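Engineer: okay, here's the prediction I keep looking at, along with the sequence it came from:
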Amino acid sequence: DFARMINELLDAFDRVVSEEQVSRIVEESYVVIVGTGTGRSRARASNTTPSIPKAAVPTESRDKVLRIMTRMLDEAKGIVVTVNNEEIRPQVRIGLAFGDVIMAKVGLKVNHYTVFGPAVWEACGLASDPPPQCAQ
């Protein structure tokens, strides 16, 4: 049942990412990249926090990140599994950061991208702090 819940949650997040036309990176957590273009990213949602002045982030990117974050939290609210007659819902926490990141394929046997940078580390720290179903 837990595997089904995780699958439903990731499917819901994938739909949001697809509809918003942004990139998803496979990591230990669900990572979304917004605002890429020149080989650098100025905004990133899901496991990230403001690391550059808010005014320096393009309004379009900032608004898209906030919209994605809100949609992901809403999608998570609708997912529930029953285990031993008890309803269980996913415990979603989101860290949000804006800043430059480096995205690369690392290692000989890796078929996906990895994301590095202060914004990533900051976001991961923030994602561990809020109560479930919250973002910061």
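Structural biologist: Right, received. Where do you want to start?

Engineer: list the strands paired with the longest strand along the chain, with their directions.
Structural biologist: As assigned by DSSP state E, the longest strand anywhere in the chain is strand 30-36. Strand pairing for strand 30-36, using DSSP bridges, gives strand 23-26 (antiparallel), strand 41-45 (antiparallel).

Engineer: in terms of mean pLDDT, which of those ranks lowest?
Structural biologist: Mean pLDDT across the strands paired with strand 30-36 is lowest at strand 41-45; the value there is a mean of 42.

Engineer: can you give me the helices in the chain?
Structural biologist: Using DSSP state H, the helices of the chain run over 2-20, 59-77, 118-127.

Engineer: just give me the neighbour total for T114.
Structural biologist: T114 has 16 neighbouring residues, counting by other CB atoms under 10 Å. No exception for glycine: its C-beta is placed from N, CA and C like everyone else's.

Engineer: that one against M103, yeah?
Structural biologist: Yes: using CB atoms under 8 Å, T114 is in contact with M103, at 7.4 Å.

Engineer: what's the weakest-modelled helix or strand in this protein?
Structural biologist: Taking mean pLDDT, DSSP states H and E as the measure, strand 48-50 is the helix or strand of the chain with the lowest mean score, a mean of 38.

Engineer: quick one: low-confidence parts of the protein?
Structural biologist: 25-28, 35-57, 110-112 (pLDDT under 70).

Engineer: give me that answer again for 50
Structural biologist: 38-55 (pLDDT under 50).

Engineer: out of the helices of the chain, which is the most enclosed?
Structural biologist: helix 118-127 (a mean of 21; mean count of other CB atoms under 10 Å).
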